[in-house]
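Trainee: sequence first, then the predicted structure:
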Amino acid sequence: HGTQWTAQVDYSNPINENKKIESGLRSYINDYASVFNSYNVDRGDKIKLPLSNNYEYQEQIHAAYFTFTNRIKSFGYQLGLRGEYSKFNGRLIDSAQSFGYQYPSSIKTIWDALFPSIFLSEKISDQDEIQLNYSRRVKRPSFWELNPFIDINDPQNIQQGNPALRPEFRNSFELNYSKTYGANNNFLVSGYYHNTLGDITRYSDTITASQYEKLQNSGVDPNAILNTFINANSTNTAGLEMILKQKVLKGWDIAPSFSIAYRKVNAEVGDMSLNNSGAIWRAKMQSTYKMSPANEKSFFSNFSVQVNAQYQSPRVIPQGRELEDYSMDLALKKDIFKDNKGSIVFAINDVFDTRRRGTIYDTPTFYQESYSRWRTRSFKLTFSYRFGDPNFQLFKRNGGNEEGGDFDS
C-alpha cells in the first residue's frame, strides 16, 4: 500500500512574439510499504526464511526550473536551469537495515542538484536549420535496483539490489542539421556525445558460500549467478544518427533511420577492472502504403499497409555484451462506411517471432549466455467507429455573450 502526493505550479510569460519566460515548482512525495513473508514448515514449526521481503520507503523530489527563450532574426536560443533536491529512504523491517541516497548531500556537492541546458538554433533558410544543444540530466536508481532483497524466481540466476547505488548524471552534447524539401519530405542528421558519470549498470558474479548458506532452504543452485547493480565510473558514447522521411510514390511513405556509435565503459569492482568498449549500430524502417485503385468501389479502396522493422547490433557491457535484437511488425487497415467513419485493423506483432533479449557474460570466474522474452508474436483484430463530430461543443456560444460552460470531447 502507498500514498503519493504531487504539487506543481507553472508560470509562463510571453513577453513578445520572440521572447518568453517560463518557470515552475514541483514536489513529489511517495510513501510505500509492503509485506511478503516466506516460511519453511517442518512438523508444524514455521521458520521465517530470508526470502521474506517486508519493506517501507519514502521518495521525495523537489524541483524548480527557469527558462528564457528568445529569437533574434534567424537565430534562436533557450537558456534553462533546473534545481532539484532528491531523497530516498528505504528500510527492511525484519532486519532494520536502511538504504537510500540523498543529493545534494552537502554544500560541497551542490553541483549534483543543478541541471543547466542550452539550446541554440540558426535558420539558414526556410528549408534548412542547424541546432547545437547541451543538457545535464539525472537518472535515479529505482527501488528494485536499491532493495537488497534476493529474488530467486530463477534458482540459477538470482537477483539482488544494491543499497549503495547512487544516481547517475549525464552530460549530453548534440549538433543537428535538418532539411525540409518537396512535399513534406524531411532529412535530419545528428552528431552527439554523451558522458555519463556513475552509470547504473548490471554486475554478475557467482554466489558466495555465505550467501548460499543463508538460502540453502530455498532451492537455490549452489553454483547460481547473483545479478546486481553497480555504479560505473563513467560511460562515454559518441555517435551519428540519420533520419529520413520520404514520399516515394503516390500513397507510399517511408521513414528509415540509421545510427552508429562507439561506446566505452569504465568500471571496477574492488581490484577487478571491468573496462570495455566497442561499436554499436541500429537501423529502423517504417513503410506505409495507402492504395488508390482506379475503381473507388474496389475492396482495396481506403486500404493501407504499414510495416515496421528494426535491428539492434550487439552492445558492450562491463562484463561482456548484449546480443543482437531484431523484429518486424505488420498492420493492415481498411476504412469503411460513409466518410470512412469505421475502420478494421489487423496487426501482427513480431511477425517472425524473433524479438528477444540475450546477454553473454565472459568473466574470469564464469561464462554464461542467457536469453529472455518479454513479448511473443501476437495477433490483434480491432474494429472502431467514430460517432459524429469529435470536436463538438455542448453549448454553442452566441457572440460570446451567452452564459454556460463549454464541453470539448
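Mentor: Sure thing, it's come through.
Trainee: could I get the full set of helices for the stretch 251-400 of the chain?
Mentor: Along the stretch 251-400 of the chain, counting by DSSP state H, counting those that start in this stretch, no stretch forms helices.
Trainee: can you give me the strands for it?
Mentor: For the stretch 251-400 of the chain, the strands defined by DSSP state E, counting those that start in this stretch cover 252-266, 268-269, 272-273, 276-290, 303-312, 315-317, 320-322, 325-336, 342-349, 357-362, 367-372, 378-385.
Trainee: mind checking how far the fifth one is from the chain centre?
Mentor: By that I understand strand 303-312. Using C-alpha atoms, centre = their mean, to the nearest Å, the mean C-alpha position of strand 303-312 is found 21 Å from that of the whole chain.
Trainee: and it, what does it pack against?
Mentor: Strand 303-312 sits against strand 276-290, strand 325-336, with contacts defined as 3 or more C-beta pairs under 8 Å, 6 or more residues apart in numbering; DSSP states H and E. To be clear about C-beta, it is placed using only N, CA and C from the backbone, and glycine gets the same treatment.
Trainee: quick check: which of the ones you listed is nearest to S301?
Mentor: strand 325-336 (8.6 Å; C-beta to C-beta).
Trainee: pick the most buried one from the strands of the stretch 251-400 of the chain.
Mentor: Burial of those is given as mean neighbour count (mean count of other C-beta atoms under 10 Å); strand 315-317 ranks first at a mean of 20.
Trainee: count the residues that sit near the residue nearest to F68 when sequence neighbours are not counted.
Mentor: For F68, ignoring the flanking residues on the chain, the nearest one in space by C-beta to C-beta, 6 or more residues apart in numbering is L79 at 5.1 Å. Residues contacting L79 under the criterion other C-beta atoms under 10 Å number 14.
Trainee: show the contacting residues for L79.
Mentor: L79 is in contact with T67, F68, S117, I118, counting by C-beta atoms under 8 Å, 6 or more residues apart in numbering.
Trainee: out of the residues you listed, who's nearest I152?
Mentor: Closest to I152, out of all of the contacts of L79 and judged by C-beta to C-beta, is S117, at 43.2 Å.
Trainee: partner strands of the helix or strand where the closest one lies, with direction?
Mentor: Using DSSP states H and E, S117 sits within strand 114-123. Paired with strand 114-123 in the same sheet, following DSSP bridges, are strand 75-92 (antiparallel), strand 128-139 (antiparallel).
Trainee: for S384, which of those is the nearest?
Mentor: strand 128-139 (37.2 Å).
Trainee: could you give the mean pLDDT of that closest one?
Mentor: Across strand 128-139, pLDDT averages out at 95.
Trainee: what's the offset of that strand from the middle of its chain?
Mentor: That offset, for strand 128-139, works out to 18 Å (C-alpha atoms, centre = their mean).
Trainee: next: stretch 192-206.
Mentor: Worked out by C-alpha atoms, centre = their mean, stretch 192-206 lies 15 Å from the chain centre.
Trainee: first to last residue in it, what's the distance?
Mentor: This stretch, stretch 192-206, spans 37 Å end to end (C-alpha to C-alpha, to the nearest Å).
Trainee: buried residues in it?
Mentor: In terms of neighbour count (16 or more other C-beta atoms under 10 Å), stretch 192-206 has its buried residues at 192, 194-205.
Trainee: tell me the contacts of P318?
Mentor: If a contact means C-beta under 8 Å, 6+ apart, then P318 has T201, R202, Y203, A232, V265, A267, L274, N275, N276 as its contacts.
Trainee: S378 contacts D350, correct?
Mentor: Yes: taking C-beta atoms under 8 Å as the definition, S378 is a contact partner of D350 at 7.3 Å.
Trainee: show me the one of the strands of the stretch 251-400 of the chain that comes nearest K19.
Mentor: Of all these, strand 252-266 comes closest under C-beta to C-beta, at 34.4 Å.
Trainee: give the pairing partners of the closest one; include direction for each.
Mentor: strand 234-249 (antiparallel), strand 276-290 (antiparallel).
Trainee: pipe these into TSV and attach distance to S327 and mean pLDDT per row.
Mentor: As requested, these are arranged in TSV below (distance: least, C-beta to C-beta, whole Å; pLDDT from 0 to 100):
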stretch	distance to S327	mean pLDDT
strand 234-249	19	94
strand 276-290	11	95
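Trainee: re the thing from before, tell me which of the strands of the stretch 251-400 of the chain sits nearest to K87.
Mentor: Short answer: strand 268-269, nearest of these by C-beta to C-beta, at 26.7 Å.
Trainee: centre-most residue in this protein?
Mentor: In the chain, the centroid-proximal residue (C-alpha atoms, centre = their mean) is K139; its distance is 10.6 Å.
Trainee: for Y203, give the beta-bridge partners.
Mentor: Bridge pairing for Y203 - DSSP bridges - gives T228.
Trainee: residue contacts, it?
Mentor: Counted by C-beta under 8 Å, 6+ apart, Y203 has contacts N227, T228, F229, I230, A267, V269, L274, P318, Q319.
Trainee: widest-spaced pair of those?
Mentor: N227 and A267 (15.1 Å).
Trainee: biggest helix in this protein by residues?
Mentor: helix 209-214 (DSSP state H).
Trainee: and that one, C-alpha only, in PDB?
Mentor: The C-alpha trace of helix 209-214 is given here as PDB (Å, rounded to 0.1, in the frame of the first residue of the first chain):
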ATOM      1  CA  ALA A 209      29.300 -19.700   0.300                       C
ATOM      2  CA  SER A 210      27.800 -17.500   3.000                       C
ATOM      3  CA  GLN A 211      25.100 -16.300   0.600                       C
ATOM      4  CA  TYR A 212      24.300 -19.900  -0.300                       C
ATOM      5  CA  GLU A 213      24.200 -21.000   3.300                       C
ATOM      6  CA  LYS A 214      21.500 -18.300   4.000                       C
END
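Trainee: that helix: which residues count as buried?
Mentor: Q211, Y212.
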